[in-house]
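*Asks:* how does the following fold in three dimensions:
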Amino acid sequence: MPGAVFSPIADRMSDVPGGVCPLHIGDTWLEPFAGARMEDLRSADHPGLHRYGATRGRADLIDAIVEKVRTKNALPCERGNVLVAAGATGALGAALGAITSPGDEVLIAAPYWPLIRGIVASCRATPVDVPFYDRVTNAEEAVAAVAARATPRTVALYVSSPSNPTGRVLPADWLEALAAWAVERGVWLISDEVYEDYVYAGEHVSPARFAPDHTLSVYSFSKAYGMAGNRTGYLVAPAEAVVQSQKISTHTFYHAPTSGQVAGLRALRDGDAWIERARAGYAEVGAAAAAKLGIAAPEGGTFLFVDVSRRLDERGLWGFLEDCVDDGVALAPGPSCGADYNSWVRLCFTAAPPDEVLAAVDRIAERLRGD
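*Replies:* Sure, this is the predicted structure:
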């Protein structure tokens, strides 16, 4: 379990004159909409803003999440199905802590979000990579891919759609087939849906529609509304799974930051227009960046995953990343997204303003051409 995925080049990044364009970070350059920023929250308007709150989350926020999940995700949802957490990261940690025991195995569809493998390991379970997003082409192959890595110790399957880092949006029939497999095997399906609002091709479908009693769904205000620093997300799951997950969350982060919950409530009430503008801008810069690199535009999310094998020398991937840093661009190493990706890099096309991102991508493209 690595302490940091960028440590081999961290010092080099800090030494570049003028700094680097931080495409290695999965964040947005946009500020939240006016009215949901920290400077907009006043203690006089929100009594108890700086005190402890309910460990499951604020009642008004939970009620708003229930309504959102019912209408937007088309899932049955009651208060007992919701746990507000310290970001989607906290929600995943609480859920995995609740359902795993030492020696259990969790299948992870790869390439994957870099932190999920460490979260599984922190629960003393064993993460198992499943070659997936760049390998399977239909529902039957999707099920075969996960089934091939399953063992009697398998307790869960983790998938994300839209995918971090590939940008793939999983079709409904794939998700339905994976859900049916999970039900048949008696394992949990962990659905990471933090990029649900950023789909540019296809349609986002929550797999809990197909297996509500076997699915743990995770959502985030961080990605939806540009609130990563607020550390607020939520888990939607069967009531008993929420009860057990709350035991873990109470003994780790206790409860999500109150200010982040208040901002999240405002976002659910008034943030749709912000998402629409962000989605249009993200889609445009993502497609433009992909075109410059000669790869397909992302179907969703905020990342591109790029094979750079043709430009690697005897130094390997870390040498290429160092060269990119010298060009003023920081990229994430592919191996942090799966063991089979030693010649890949991940870039986030929303981490800086579009003009800066596209200028940085031009430098990457130039290096890949060998100009």
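
*Asks:* run through the stretch 201-350 of the chain and note the low-pLDDT ranges.
*Replies:* For the stretch 201-350 of the chain, applying pLDDT under 70 flags no range at all.

*Asks:* what segments of it are helices?
*Replies:* Using DSSP state H, counting those that start in this stretch, the helices found in the stretch 201-350 of the chain span residues 221-225, 239-250, 258-270, 272-293, 316-326.

*Asks:* check those helices for me and report the most buried one.
*Replies:* With neighbours taken as mean count of other CB atoms under 10 Å, the helices of the stretch 201-350 of the chain reach their highest mean count in helix 221-225, at a mean of 26. From N, CA and C alone the C-beta is placed, and that goes for glycine too.

*Asks:* verify the stated contact: Trp113 with Gly338.
*Replies:* No - the criterion here is CB atoms under 8 Å, and Trp113 misses it with Gly338 at 10.4 Å.

*Asks:* rewinding a little: now render the helices of the stretch 201-350 of the chain as a markdown table, adding distance to Met13.
*Replies:* What follows is the helices of the stretch 201-350 of the chain, written out as a markdown table (distance: least, CB to CB, whole Å):
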| stretch | distance to Met13 |
| --- | --- |
| helix 221-225 | 23 |
| helix 239-250 | 33 |
| helix 258-270 | 28 |
| helix 272-293 | 20 |
| helix 316-326 | 5 |
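
*Asks:* and of those, who's closest to Trp344?
*Replies:* Within these, the stretch nearest Trp344 is helix 316-326; the backing value is 8.0 Å (CB to CB).

*Asks:* distance from that closest one to the middle of the chain?
*Replies:* Offset of helix 316-326 from its chain centre (CA atoms, centre = their mean, to the nearest Å): 25 Å.

*Asks:* equivalent analysis for stretch 58-73, please.
*Replies:* Remark: stretch 58-73 is offset 20 Å from the chain centroid, using CA atoms, centre = their mean.

*Asks:* alpha carbons of that stretch, as CSV, please.
*Replies:* Output of stretch 58-73 as CSV, limited to C-alpha atoms (Å, rounded to 0.1, in the frame of the first residue of the first chain):
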residue,chain,number,x,y,z
ARG,A,58,-27.6,16.1,8.8
ALA,A,59,-31.3,15.3,8.6
ASP,A,60,-32.0,17.9,6.0
LEU,A,61,-29.2,16.8,3.8
ILE,A,62,-30.3,13.1,4.1
ASP,A,63,-33.8,14.1,3.1
ALA,A,64,-32.4,15.9,0.1
ILE,A,65,-30.3,12.9,-0.9
VAL,A,66,-33.2,10.6,-0.6
GLU,A,67,-35.2,12.8,-3.1
LYS,A,68,-32.2,13.0,-5.4
VAL,A,69,-31.6,9.3,-5.5
ARG,A,70,-35.2,8.5,-6.1
THR,A,71,-35.6,11.0,-9.0
LYS,A,72,-32.2,11.1,-10.6
ASN,A,73,-30.9,7.6,-10.0
